[in-house]
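Peer 1: Structural data only, the sequence is not supplied:
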């Protein structure tokens, strides 16, 4: 029990809320209640009515990413128990969601441009003291939540949270937005909140020795749980010898939108989503991360950019997590800062053109256009970095729909040396990700017209041209199935419009003398 041990490099964590994989919309209390009532409960009810329909749909490539429960029919009894427990133990959250829908209907019916004061006594009692009603300058009324107070209310309950610990198998996990995680062989279930300090001790054991006794105490484990934990431990660390650098600068591409940028003085990571399969070649994993990361830069709240299972594994070894400020209380725009502070991360909230310094460099938050289905979402940011004598633009999924923005950015901050962009230019429709928050139904035609899309070739070219970038790199957009299959559930072929647009952009770059590449797997740049 007292011998020094380490956490295996391929250990993973799945954070859960009521057994569903955790992301912002089922942790933040307003959005969590709405997802539970209007998405997850109906999803489980649908599965129980026709398990085989869900099972067949889950393995149909044409329905990949659809909302189907991927569990065998012999486990339907467990699903039935889960549904019953949600209806029993989460009745308060379910009623809260109904109250939000009732309030929205009231405002839509009675807020006609006149004084809103008479509406407050008509609001459902669950919303008392938690909302403000307001008009915009076009006389459109809406409900704004006092989000910090909602977190302090009974509608936010940490006893809904738990974690599963296991080893990465290399087998694609079920789609995270639809399939609950039931107990499974070889998986350690712990009923602890995400902010639990024992998780810091566990994941620091990747880089520092600890003991079984210390971990057992930190995680409050019983005998059976301690025995299961032993399978995640090893007697020697698995760390890459070149995870730090002694001179110059380096950027490493870890997959999707995740970059690690380093000098000898500092390390910065963007939208961290790190693979844990250390036995596979062609990708960087947790063993390649620097021991300390000065700043984590998060661009926006989608589940493939704020990946809680990675962030929880980095907690305790990061200086600060930089997040864009939200619009304060808008239903579709929950606060990233509140969300991440509640799970124990050190947060730095920024507005457009806020600056955050780090040893030997500086990051400036810059505007992010598009990719959110035209919803009024402010919690999104691109970033301009000055690091090791280079200027780097982190564009994530932002769109070049208005090239003038990037012209102004160049005038304000100067030209950049290299730009990193996403080109998922045929994204999912509005309702795919936001259906549960849309208390007023939208038509399919309307939803399909408003997509979660980044730049196409013309728009990406405009960004690179206006920023004056000499190099441009396009992220893998769900192509890396070992990383994104269970989160994005995308499927491409050679005729996919996204890949055709990337080819067109590459042709443009070659004609303009811009060094460019479409990233896949691991890449490294040194200077």
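Peer 2: Yes, it's here. Note that the coordinates shown come from a computational prediction; the quantities given were computed from them, not determined experimentally.
Peer 1: which residues does the residue lying closest to residue 420 once chain neighbours are set aside contact?
Peer 2: Nearest residue to residue 420, sequence neighbours excluded (C-beta to C-beta, 6 or more residues apart in numbering): residue 473, at 5.2 Å. Glycine gets a C-beta too; all of them are placed from N, C-alpha and C. Neighbouring residues of residue 473 by C-beta atoms under 8 Å, 6 or more residues apart in numbering: 253, 418, 419, 420, 421, 516, 517, 518, 519, 523.
Peer 1: Write the PyMOL selection for whichever of these are buried.
Peer 2: A single PyMOL command selects the buried members of the contacts of residue 473 (16 or more other C-beta atoms under 10 Å):
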select buried, resi 253+418+419+420+421+516+518+519
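Peer 1: follow-up on the earlier one: got the phi/psi numbers for the residue nearest to residue 420?
Peer 2: Dihedral angles of residue 473 (phi, psi; degrees, to the nearest 10) stand at phi -130, psi 130.
Peer 1: Let's verify residue 432: helix, strand, or coil?
Peer 2: Assigned state for residue 432: helix (three-state reduction, DSSP: H, G, I helix; E, B strand; the rest coil).
Peer 1: I'd like the distance between the residue nearest to residue 420 and residue 464.
Peer 2: In this view, residue 473 and residue 464 are 10 Å apart by C-beta to C-beta, to the nearest Å.
Peer 1: and for those two, which residues touch both?
Peer 2: 419, 421.
Peer 1: And the helices in the stretch 401-527 of the chain, which stretches?
Peer 2: 403-413, 430-434, 444-449, 457-467, 481-484, 497-512 (DSSP state H, counting those that start in this stretch).
Peer 1: Also the stretch 251-400 of the chain?
Peer 2: Along the stretch 251-400 of the chain, the stretches classed as helices by DSSP H, counting those that start in this stretch are 308-314, 336-342.
Peer 1: where does the protein dip in pLDDT?
Peer 2: For the chain, the stretches with pLDDT under 70 are 1.
Peer 1: Just give me the longest helix of the chain.
Peer 2: For the chain, the helix with the greatest residue count under DSSP state H is helix 91-110.
Peer 1: re the thing from before, can you spell out which residues form a bridge with the residue nearest to residue 420?
Peer 2: Beta-bridge pairing of residue 473 under DSSP bridges involves residue 420, residue 517.
Peer 1: still on that earlier bit, pick the most buried one from the helices of the stretch 401-527 of the chain.
Peer 2: Most buried of the helices of the stretch 401-527 of the chain by mean neighbour count (mean count of other C-beta atoms under 10 Å) is helix 457-467; its value is a mean of 23.
Peer 1: Let me see the contact set for residue 2.
Peer 2: Contacts of residue 2 (C-beta under 8 Å, 6+ apart): 211, 212, 213.
Peer 1: What separation do you get for it and residue 199?
Peer 2: Separation of residue 2 from residue 199 (C-beta to C-beta): 22 Å.
Peer 1: quick one: contacts for the residue lying closest to residue 111 once chain neighbours are set aside?
Peer 2: For residue 111, ignoring the flanking residues on the chain, the nearest one in space by C-beta to C-beta, 6+ apart is residue 141 at 3.4 Å. By C-beta under 8 Å, 6+ apart, the residues touching residue 141 are 107, 108, 111, 116, 133, 134, 135.
Peer 1: ok, the last one touching residue 112?
Peer 2: By that I understand residue 135. No - using C-beta atoms under 8 Å, residue 135 is not in contact with residue 112, being 10.2 Å away.
Peer 1: who has more neighbours, those two?
Peer 2: residue 135 (13 against 9; other C-beta atoms under 10 Å).
Peer 1: Quick check: phi and psi at the nearest residue to that one once chain neighbours are set aside.
Peer 2: Closest residue in space to residue 135, ignoring its immediate chain neighbours: residue 141 at 5.2 Å, by C-beta to C-beta, 6+ apart. Dihedral angles of residue 141 (phi, psi; degrees, to the nearest 10) stand at phi -90, psi 150.
Peer 1: what separates residue 141 from residue 515, distance-wise?
Peer 2: Going from residue 141 to residue 515 by C-beta to C-beta gives 51 Å.
Peer 1: From residue 34, how far out is the residue nearest to residue 135?
Peer 2: Using C-beta to C-beta, residue 141 is found at 19 Å from residue 34.
Peer 1: now the helices of the stretch 251-400 of the chain in a markdown table, with distance to residue 57?
Peer 2: Listed next are the helices of the stretch 251-400 of the chain as a markdown table, based on distance: least, C-beta to C-beta, whole Å:
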| stretch | distance to residue 57 |
| --- | --- |
| helix 308-314 | 25 |
| helix 336-342 | 31 |
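Peer 1: Neighbours of the closest residue in space to residue 73 that isn't next to it in sequence, how many?
Peer 2: With sequence-adjacent residues excluded and distances taken as C-beta to C-beta, 6+ apart, residue 73 is closest to residue 51, at 4.3 Å. Neighbourhood size, residue 51 [other C-beta under 10 Å]: 18.
Peer 1: residues in contact with residue 51?
Peer 2: By C-beta under 8 Å, 6+ apart, residue 51 lies in contact with 69, 71, 73, 76.
Peer 1: closest to residue 183 among these?
Peer 2: Residue 183 lies nearest to residue 71 out of the contacts of residue 51, by C-beta to C-beta, at 11.9 Å.
Peer 1: Distance of the closest one relative to residue 58?
Peer 2: From residue 71 across to residue 58, the span is 9 Å (C-beta to C-beta).
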